[in-house]
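Visitor: Quick one, fold the following:
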Amino acid sequence: MNKFNTIPGNMTRVQKIVSHPEFKKSMESIRELERDRIFCRHGMDHLLDVSRIAYIDNMETDAGYAKDVIYAAGLLHDVGKYLQYTKGIEHHVASEMIGRQILTDAGFDGRETEEICEAILAHRDKISAGEKGLKSILYRADKISRACYACEASDQCNWSEEKKTPGVIA
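Guide: This is a model prediction of the structure:
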């Protein structure tokens with residue numbers, strides 16, 4: 001049932017991701033660059049929200065992905081955000097580049113790495129929402145994770161009303 005033959009509930013590789021020096025460097029850079037940001041941030045709270053929502057979606061749709069594969073995608077999908085701020089590289093592209101090496105170092109095999117990286121690259125692409133697989137799970141979780149309906153900066157946000165999360169989604 002579990003895709004990629006991982007042991008259900010085994011999160012050893014996820015621990016390697018969050019302990020990875022490049023992940024830590026990225027998260028510290030994002031934290032510093034977004035320190036005064038009033039809009040959505042891209043720190044651990046967001047990454048864990050996305051991971052948890054994606055895992056619930058995975059279970060509810062019986063998609064069959066192992067927990068550590070889902071969490072890897074959720075934790076790495078915005079890890080390159082600091083390169084968007086500092087070098088103008090779109091964050092989904094930067095996140096895929098950074099994530100690929102972290103996934104390899106954490107012990108994910110080539111097939112797992114490719115699917116996770118494809119999901120990271122597609123997490124901003126609305127077409128992904130209607131597809132099957134990890135791409136659609138990550139896309140939906142990323143969008144649902146934002147509590148636009150409760151955001152104090154919503155009136156100043158440049159996101160369209162269509163893009164904003166309208167309310168609590170069950």
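
Visitor: so how far is S19 from the closest residue to I53 other than its chain neighbours?
Guide: In space, I53 comes closest to A141 once its chain neighbours are excluded; the distance is 4.0 Å by Cβ to Cβ, 6 or more residues apart in numbering. (C-beta placed from N, C-alpha, C; glycine too.) Separation of A141 from S19 (Cβ to Cβ, to the nearest Å) stands at 23 Å.

Visitor: The two: which has the busier surroundings?
Guide: The residue with more neighbours, out of A141 and S19, is A141; 24 against 10, by other Cβ atoms under 10 Å.

Visitor: what helix or strand is the more buried one on?
Guide: helix 134-144 (DSSP states H and E).

Visitor: got the contact list for the residue nearest to I53?
Guide: 49-51, 53-54, 57, 74 (Cβ atoms under 8 Å, 6 or more residues apart in numbering).

Visitor: Redo those as CSV? Include secondary structure and pLDDT.
Guide: Listed next are the contacts of A141 as CSV, based on DSSP: H, G, I helix; E, B strand; the rest coil; pLDDT from 0 to 100:
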residue, secondary structure, pLDDT
D49, helix, 91
V50, helix, 94
S51, helix, 96
I53, helix, 93
A54, helix, 96
D57, helix, 93
G74, helix, 97
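
Visitor: Which members of those are the farthest-apart pair?
Guide: Spanning the widest gap among the contacts of A141 are D49 and D57, at 12.4 Å by Cβ to Cβ.

Visitor: Now do the strands in the protein.
Guide: In the chain, no strands are found when defined by DSSP state E.

Visitor: Settle this for me: M11 is touching K67, isn't it.
Guide: Yes. Under the criterion of Cβ atoms under 8 Å, M11 makes contact with K67 at 6.7 Å.

Visitor: what about these two, which has more around it?
Guide: When neighbours are counted by other Cβ under 10 Å, M11 and K67 differ, and K67 comes out ahead with 20 against 16.

Visitor: so that one touches Y55, yeah?
Guide: Yes. Using Cβ under 8 Å, K67 and Y55 qualify as a contacting pair, with a distance of 6.1 Å.

Visitor: measure I127 to Y139 for me?
Guide: 9 Å.

Visitor: So for those two, which residue has more residues nearby?
Guide: Y139 (23 against 10).
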